[in-house]
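# Fold the following and give me the result.
(2 chains)
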2 protein chains.
Amino acid sequence: MRRELFDIPEGIIYLDGNSLGAPPKHVAERMQEVVKHQWGTRLIRSWSEGWWEAPQRIGDRIGRLIGAAEGQVVVGDSTSVNVFKALMGAVKGTSRTEIVVDESTFPTDGYIAQSVGELTGLKVRAVSPSSLDLTEDTAVVLLNHVDYRTGAMLDMAKLTEEAHSAGTQVVWDLCHSAGVIPIELDELGVDYAVGCTYKFLNGGPGSPAFIYVPHDKQASFENPLSGWNGHRAPFAMEPSYEPDAGIARARVGTPDILSMLALDAALDVWDDVDLHVLWKCGLSLTAQFRMHVSNLTSLEIITPDEIPRGNQISVRCPDAAEVIRKLIARGVIGDHRPPDILRFGFAPLYVTSADVRRAAEILAEVVNS
Amino acid sequence: MRRELFDIPEGIIYLDGNSLGAPPKHVAERMQEVVKHQWGTRLIRSWSEGWWEAPQRIGDRIGRLIGAAEGQVVVGDSTSVNVFKALMGAVKGTSRTEIVVDESTFPTDGYIAQSVGELTGLKVRAVSPSSLDLTEDTAVVLLNHVDYRTGAMLDMAKLTEEAHSAGTQVVWDLCHSAGVIPIELDELGVDYAVGCTYKFLNGGPGSPAFIYVPHDKQASFENPLSGWNGHRAPFAMEPSYEPDAGIARARVGTPDILSMLALDAALDVWDDVDLHVLWKCGLSLTAQFRMHVSNLTSLEIITPDEIPRGNQISVRCPDAAEVIRKLIARGVIGDHRPPDILRFGFAPLYVTSADVRRAAEILAEVVNS
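Residues are numbered from 1 along each chain as shown, chains lettered A, B, ... in the order given. Predicted structure coming up:
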């Protein structure tokens, strides 16, 4: 839909935007401006010329893509750190005794949940999202919107309601859905959400993650990582911690401005994108790839066919690592996840139908040879 | 000492390198290479072409500047987050009941200590570094090597020994000393250290911080932020967390590569710098400024005259905020810390004796007018 805004290298079909999005063309120039002018010429003065507020300002830009009104999303730290903040915030002061996590979640979410469990004395129970079995003991449930392996997508509305019916809070991990699927956090009354910005949002390698804490949760949200950036008066250098009244309380330390402003630049391509249109475009690309792969190979596609689903097609393949090496040598970049999954992501901003067809043909040549 | 490697803007005397270091000239070009080639052309492949190991590789480069042998320093996250890791690691499993912090510490350290105290049930006691009064109840003491307000420097050898004599662990915050003062972490047997890289190390605004965990502590160090980057087999996507055997266990989430590789580039200027020579150069600059300010004004200098001390001169001044505004308007960039402190940092890599003299003259003109 916006291929002209991206510099995809000649001869490359890039189907790994679900892992690391490609850079919009203008990001390199913006980084020059940031390094040479903002850092080099303005030096420390830049902190009062836009840098300090950048985490909230860029958070609001992401908020528009995930159905969050202003003042509820802040950018900074990694997804793992934000999962920690969200879970610790959710269980603070609870008398309930367990944290429930999606057993197929991206590992870091489960690892962090385990640590939160150890720190707080809550038990962690791993479940299938199809049977959460939430009880009056469940303080919070941590769910991945789109499964990183299979691309299966959970029903956020239904599961959020299920959690709330059990008096349980819900934390949604949007890493694999932000920027390709319309999301309505405010409308669904989601309690917390986190996500990364370097996949479909094209923010750059390891660009800062985000956390969503809705207005009605902010006053009670206690950030366990009470760094000075979250203080209500950070430059007063007060001896005791008093959190900011709003979303800035989810900030921790000094933000990584270079990574953050690359993300800011990358978000420009979203300015006039209709996510509903984009999502249809993505569904069409994955449907086309499914059809071509089914026609040309006997590989098993494990991504569910039903809608909604994530913007990827995962294929079971015995020599996944070797097949990916061969595909990359032929210019088709996807990735694999152990033990035997080939994963192809379809970023509708820059992947075309011609790419999809050619990628399937090359895949067929590799696996049929 | 290396002024020719930096692009200090015409007409500016930059005395705020203790807050945000100036960019070495070549950083802008390196960022172009990173954005256009590594991210844009190599795309996801760059993760296996140097990005993944960057936090440890760059950590080792910093290790050489703080007396840490290889494999003990890793770069990532903010200083606040690393203070959290270090303190949580230090108190894990202890039967002792208190955390001691330097009462004059940079606020974020105290805020994080407070949070660690709340999470673990330990009491936090704020003390003057001149009388730590460590007891058999003290699990860990958190100290700032150089006081951010006054520039006073603590005796790391003496206080580390004092802590160890009391059976207490010590966490050193090196934010205001790394890159200007020779530090010998290994030699002194320091337990943990953290620091930022955007001050005297010139890593860029909010560039990732570092944590030092010595070899003999690594096996028992438990990172409370157990993100997937610290896993012993991060790409195996195992359901349970098993930490890496070495310093990588202090990693958390996906590293912010753009900020990190700007830091990497900035560290090139240190390749043939002798920190002992640099430190003498810094002491000379601060001594010159002290002399000029004493000769030209009646302002009270609160930075101690004795050696060792940090590379800054802090001056008490009633209208500090207004005076700094006037100084900046005249091209002398320092900063102020509430309520009444003017702070001037002297980065010996790019500040000259002529800068020092001229800055003092302008300060005198501003305060005497």
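# so what does the worst-scoring helix or strand of chain A on mean pLDDT touch, helix or strand wise?
When the helices and strands of chain A are scored by mean pLDDT, DSSP states H and E, strand A:335-337 comes last with a mean of 90. Identification of packing neighbours for strand A:335-337 by 3 or more Cβ pairs under 8 Å, 6 or more residues apart in numbering or on different chains; DSSP states H and E yields helix A:320-329, strand A:341-345. Every C-beta, even on glycine, is put in place using the N, C-alpha and C of the backbone.
# Would you tell me which one of the ones you listed is buried the most?
Highest mean neighbour count among the helices and strands packed on strand A:335-337 (mean count of other Cβ atoms under 10 Å in any protein chain shown): strand A:341-345, with a mean of 26.
# and the gap between A:Asp264 and B:His145?
Plainly put, A:Asp264 is 34 Å away from B:His145 if you go by Cβ to Cβ, to the nearest Å.
# Which one of those two is surrounded by more residues?
It is B:His145, of A:Asp264 and B:His145, that has more neighbours when counted by other Cβ atoms under 10 Å in any protein chain shown, with 24 against 21.
# Grab the nearest non-local neighbour of the more buried one.
Computed as Cβ to Cβ, 6 or more residues apart in numbering or on different chains, the closest residue to B:His145 that is not its neighbour in sequence is B:Ser177, at 4.2 Å.
# And the one you found, how close does it get to B:Glu300?
B:Ser177 is 24 Å from B:Glu300, where distance means Cβ to Cβ.
# Which residue of those two possesses the greater neighbour count?
Set side by side, B:Ser177 and B:Glu300 show more neighbours around B:Ser177, with 26 against 12, by other Cβ under 10 Å.
# residue contacts, that one?
For B:Ser177, the contacting residues are B:145-146, B:153, B:183, B:195, B:200, B:310, by Cβ atoms under 8 Å, 6 or more residues apart in numbering or on different chains.
# hang on, the earlier thing: I'd assumed the residue nearest to B:His145 was in a helix, is it?
No - secondary structure assignment places B:Ser177 outside any helix; it is coil (DSSP: H, G, I helix; E, B strand; the rest coil).
# What pLDDT is listed against the closest residue in space to A:Met237 that isn't next to it in sequence?
Of all residues not flanking A:Met237 in the chain, B:Pro107 sits nearest, at 5.1 Å (Cβ to Cβ, 6+ apart). B:Pro107 is assigned 88 on the pLDDT scale.
# hang on, isn't B:Pro107 packed against A:Phe235?
No - B:Pro107 is beyond contact range of A:Phe235, at 9.8 Å (criterion: Cβ atoms under 8 Å).
# quick one, which of the two is more surrounded?
Taking neighbours as other Cβ under 10 Å, B:Pro107 and A:Phe235 compare with B:Pro107 leading, 20 against 14.
# how much space between the more buried one and B:Cys317?
Plainly put, B:Pro107 is 21 Å away from B:Cys317 if you go by Cβ to Cβ.
# Check for me that A:Val171 belongs to a strand.
Yes - under three-state DSSP, A:Val171 falls within a strand.
# What number of residues are in the vicinity of A:Cys281?
Quick note: A:Cys281 (other Cβ under 10 Å) scores 19 neighbours.
# Helix, strand, or coil at it?
helix.
# I'd like the distance between it and chain B.
Applying Cβ to the nearest Cβ, to the nearest Å, the value for A:Cys281 to chain B is 21 Å.
# Cross the contacts of B:Ser177 against helices and list the overlap.
Nothing among those maps onto helices, per DSSP state H.
# I'd like to know which of the residues you listed are buried.
Buried residues within the contacts of B:Ser177, counting neighbours by 16 or more other Cβ atoms under 10 Å in any protein chain shown: B:145-146, B:153, B:183, B:195, B:200, B:310.
# can I get those residues in JSON lines with pLDDT?
Below are the buried ones among the contacts of B:Ser177 laid out as JSON lines (pLDDT from 0 to 100):
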{"residue": "B:His145", "pLDDT": "97"}
{"residue": "B:Val146", "pLDDT": "95"}
{"residue": "B:Met153", "pLDDT": "95"}
{"residue": "B:Ile183", "pLDDT": "98"}
{"residue": "B:Gly195", "pLDDT": "98"}
{"residue": "B:Phe200", "pLDDT": "97"}
{"residue": "B:Gly310", "pLDDT": "91"}
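# quick one on the thing from earlier: now tell me what touches the least confident helix or strand of chain A from outside.
For strand A:335-337, contacts defined as Cβ under 8 Å, 6+ apart pick out A:16, A:19, A:148-149, A:314, A:317, A:320-321, A:323-324, A:342-343, B:44, B:237.
# Redo those residues as CSV? Include pLDDT and distance to A:Val35.
Output for these, formatted as CSV (pLDDT from 0 to 100; distance: Cβ to Cβ, whole Å):
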residue, pLDDT, distance to A:Val35
A:Asp16, 96, 27
A:Ser19, 95, 26
A:Tyr148, 90, 33
A:Arg149, 88, 38
A:Ser314, 95, 38
A:Cys317, 94, 42
A:Ala320, 94, 39
A:Ala321, 93, 37
A:Val323, 97, 40
A:Ile324, 96, 34
A:Leu342, 96, 38
A:Arg343, 95, 34
B:Ile44, 96, 24
B:Met237, 87, 35
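# Dump the residues you listed to JSON lines, plus distance to B:Arg251.
Shown next, in JSON lines, are the contacts of strand A:335-337 (distance: Cβ to Cβ, whole Å):
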{"residue": "A:Asp16", "distance to B:Arg251": "22"}
{"residue": "A:Ser19", "distance to B:Arg251": "18"}
{"residue": "A:Tyr148", "distance to B:Arg251": "19"}
{"residue": "A:Arg149", "distance to B:Arg251": "23"}
{"residue": "A:Ser314", "distance to B:Arg251": "27"}
{"residue": "A:Cys317", "distance to B:Arg251": "30"}
{"residue": "A:Ala320", "distance to B:Arg251": "26"}
{"residue": "A:Ala321", "distance to B:Arg251": "24"}
{"residue": "A:Val323", "distance to B:Arg251": "30"}
{"residue": "A:Ile324", "distance to B:Arg251": "25"}
{"residue": "A:Leu342", "distance to B:Arg251": "27"}
{"residue": "A:Arg343", "distance to B:Arg251": "23"}
{"residue": "B:Ile44", "distance to B:Arg251": "19"}
{"residue": "B:Met237", "distance to B:Arg251": "16"}
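# so A:Glu161 sits in a strand?
No - applying three-state DSSP, one finds A:Glu161 to be helix, outside a strand.
# any idea how far it is from chain B?
A:Glu161 is 28 Å from chain B, where distance means Cβ to the nearest Cβ.
# repeat for A:Val146
Distance, A:Val146 to chain B, using Cβ to the nearest Cβ: 15 Å.
# which one among the contacts of strand A:335-337 gets closest to B:Val100?
Distance to B:Val100, by Cβ to Cβ, is smallest for B:Met237 among the contacts of strand A:335-337, at 40.6 Å.
# now, which of the buried ones among the contacts of B:Ser177 sits nearest chain A?
Using Cβ to the nearest Cβ, B:Gly195 comes nearest to chain A of the buried ones among the contacts of B:Ser177, at 12.0 Å.
# what does the stretch 201-350 of chain A put close to chain B?
A:204-209, A:224-229, A:231, A:235-241, A:252-260, A:262, A:328, A:333, A:335, A:337-338 (Cβ under 8 Å from any Cβ of the partner chain).
# need the contact list for the closest residue to chain B within the stretch 251-369 of chain A.
Using Cβ to the nearest Cβ, A:Gly253 is the residue of the stretch 251-369 of chain A that sits closest to chain B, at 2.5 Å. The contact partners of A:Gly253, by Cβ under 8 Å, 6+ apart, come to A:227-229, B:77-81, B:108, B:206, B:209.
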